[in-house]
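K.L.:
Sharing a model that was predicted from the sequence below.
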Amino acid sequence: MKTLKISMQFLLLFAVLFLSVQCKGKAEKEGTKQTENAMKSQKASLAISQEDFGKLPTGESIQKYTMTNANGMVVSVINYGGIITHLEVPDKKGKIEDVVLGFDSLEGYLTPAPYFGALIGRYGNRIADGKFSLDGTQYTLAQNDGQNHLHGGNKGFDKVVWEITKITNAESIALQLHYLSEDMEEGYPGNLNTTVTYTLTNDNTLKVKYEATTDKKTVVNLTQHSYFNLSGDFSKGILDHEISINADTFLPVDETLIPTGEFKEVAGTPFDFKQAKTIGKQINEDTEQLKRGLGYDHCWVLNSEAQGLSLAATAYDPESGRYMEVLTTEPGIQFYSGNFLDGTLKSKSGGTYAKRSGFCLETQHYPDSPNQEDFPSVVLNPDETYISETIFKFSVK
Ligand code: BGC
């Protein structure tokens, strides 16, 4: 009897042990399954698609590449000008809307447009009188903005066809754009081998990385020219957006928007954005600098705390709650309040783009640096690599 009792106890213990091992195995399997599924859906939610976007007059086909992340954020880029045609992000209620000015078809970008969403090179911003010298040789560039050179000339990087490679990683997706700008193209010396990578991650961050090498001493200053309207409604102006710029000084300009060379303290001027304030708050103040720019169209000298990426500016639309942070490795940022938009260009949503319906935050070296000795150098030598990085991070408040 006693032996029977003991063997029953053993049997019971064995059964319990067996069952618990079984359950553990099942749970572990379930766990692995869940992780696998999560990884699968993470991959599935980061996707790149491609479609036709029309043809250039030369017959060359233009493609639109669309990157989408897990939150439904969308970034569309075309191989003409490396232009960001659509950038869709959620508002505080989760509504996903387009926040960059642009056009629905290629034709819009082929008629003279103010660099909507484009990559700008070889030199973002102005070079006085379209001239600069390197080692005693003077180079002459197109004077395509009055007497000055603007955004790389008549056929800058915004109007060339880039070669695009799609990149898919576990945590991010990217479009890598490549363009070889030949020696003396638009008057600039050196074959400039240029790569720009747009990377999208699931934390609603778009990273833009610029890299370039040359075979002859040259100057480079690349940037991205998206016009933002965080309301998602292009019929609304941007004067209610709150902007902050991490800068103690800015660069005053002459009548032709070339920096005078002075570094002016922002304190006590309408150019003080150290604390966020609406674009509209002081834009119409009666000051010479605002009159010259027809509003804000100046370069701020960033307080870069450290080497690498640091916070340059923020933009916030209180109504939609959309918030954008701009981080960069560059020493300057051009804040342009869309003053030259005049209601003649047709918007994606049916209306037109009115004055101040979009603003730009263009990270860059200072305008006219090739002619201004006190500005950080924009010279690129054959043994060097130009590297610049900017991050646009979207969230809601
Ligand atoms: C400049 C403006 C110019 C605009 C081109 C901006 O980067 O600062 O002065 O009008 O580009 O549309």
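P.N.:
Happy to help now that I have it.
K.L.:
so who does F271 touch?
P.N.:
Residues counted as contacts of F271 (CB atoms under 8 Å, 6 or more residues apart in numbering) are F250, K264, Q289, Y296, H298, W300. C-beta coordinates here come from the backbone N, C-alpha and C atoms, glycine included.
K.L.:
which one of these sits closest to G350?
P.N.:
Ranked by distance to G350 (CB to CB), those are led by Y296 at 27.6 Å.
K.L.:
Surely that closest one and Q282 touch.
P.N.:
No. Applying CB atoms under 8 Å, one finds Y296 not in contact with Q282, separated by 9.5 Å.
K.L.:
For the two, list the residues in contact with both.
P.N.:
Counting by CB under 8 Å, 6+ apart, the shared contacts of Y296 and Q282 are L290.
K.L.:
if you count what's nearby, which of those two comes out ahead?
P.N.:
Using other CB atoms under 10 Å as the criterion, Y296 and Q282 rank with Y296 on top: 26 against 16.
K.L.:
Disregarding residues adjacent in the polypeptide, which is nearest to the more buried one?
P.N.:
Nearest residue to Y296 in three dimensions, chain neighbours excluded: S337, at 4.3 Å (CB to CB, 6 or more residues apart in numbering).
K.L.:
before we move on, what about S395?
P.N.:
Using CB to CB, 6+ apart, the closest residue to S395 is Y323 (5.1 Å).
K.L.:
and if you look at G82?
P.N.:
Counting by CB to CB, 6+ apart, L119 is the residue found nearest to G82 once chain neighbours are left out, at 3.6 Å.
K.L.:
repeat for G117
P.N.:
Once flanking residues are discounted, G117 sits nearest to I84: 4.0 Å by CB to CB, 6+ apart.
K.L.:
Where does the residue nearest to S395 fall, secondary structure wise?
P.N.:
Per DSSP states H and E, Y323 falls inside strand 322-328.
K.L.:
So which bits of that strand are buried?
P.N.:
The neighbour-count check on strand 322-328 (16 or more other CB atoms under 10 Å) flags R322, Y323, M324, E325, V326, L327, T328 as buried.
K.L.:
Could you do stretch 233-248 as well?
P.N.:
233-234, 236-248.
K.L.:
hang on, the earlier thing: and the residue nearest to G117, what does it touch?
P.N.:
Contacts of I84 by CB under 8 Å, 6+ apart are V75, S76, V77, V100, G102, G117, Y198, Q224, S226.
K.L.:
Recalculate using a threshold of 7 Å.
P.N.:
Shown in contact with I84 (CB atoms under 7 Å, 6 or more residues apart in numbering): V75, S76, V77, V100, G117, S226.
K.L.:
now swap in V379 and tell me
P.N.:
Going by CB under 7 Å, 6+ apart, V379 touches L134, K217, V219.
K.L.:
Any figure for the gap between it and S388?
P.N.:
Look at V379 and S388: by CB to CB, to the nearest Å, they are 14 Å apart.
K.L.:
Closest approach to the ligand from the stretch 51-200 of the chain, which residue is it?
P.N.:
P114 (3.2 Å; CB to the nearest ligand atom).
K.L.:
Please name the residues that touch that residue.
P.N.:
F340, L341.
K.L.:
Retrieve the pLDDT associated with it.
P.N.:
Here, the pLDDT recorded for P114 equals 96.
K.L.:
Close to the ligand: what parts of the stretch 251-397 of the chain are there?
P.N.:
L257, D297, Q334, Y336, F340, C360, E362 (CB under 6 Å from any ligand atom).
K.L.:
what about the second one, neighbour count?
P.N.:
Meaning D297. D297: 19 neighbours (other CB under 10 Å).
K.L.:
What residues does E285 make contact with?
P.N.:
E285 neighbours (CB under 7 Å, 6+ apart): P270.
K.L.:
For it, grab phi and psi.
P.N.:
In terms of degrees, to the nearest 10, the main-chain angles of E285 are phi -70, psi 150.
K.L.:
Need the pLDDT of it.
P.N.:
Here the pLDDT value assigned to E285 is 97.
K.L.:
mind listing the helices for the chain?
P.N.:
Along the chain, the segments classed as helices by DSSP state H run 2-45, 106-110, 288-293.
K.L.:
contact partners of the shortest one?
P.N.:
Looking back up the chat, that one is helix 106-110. Identification of contacts with helix 106-110 by CB under 7 Å, 6+ apart yields F53, G54, I62, Y80, G81, I83, F103.
K.L.:
hmm, try it at 8 Å
P.N.:
Residues contacting helix 106-110 (CB under 8 Å, 6+ apart): 53-57, 62, 78, 80-81, 83, 102-103, 116, 345-346.
K.L.:
Now rank the residues you listed by neighbours and give me the top one.
P.N.:
I83 (29 neighbours).
K.L.:
Would you mind giving both backbone torsions of the spatially closest residue to that residue that is not a sequence neighbour?
P.N.:
Sequence neighbours aside, G117 is the residue nearest to I83 in space, at 4.4 Å (criterion: CB to CB, 6+ apart). Here is the backbone geometry of G117 (degrees, to the nearest 10): phi 60, psi 10.
K.L.:
Next one: G117, what pLDDT does it get?
P.N.:
98.
K.L.:
ditto for Y353
P.N.:
If you check Y353, the pLDDT there is 98.
K.L.:
what's the answer for S304, then?
P.N.:
81.
K.L.:
same check, this time on A170
P.N.:
Note for A170: predicted pLDDT of 89.
K.L.:
cool, and A312?
P.N.:
pLDDT, A312: 98.
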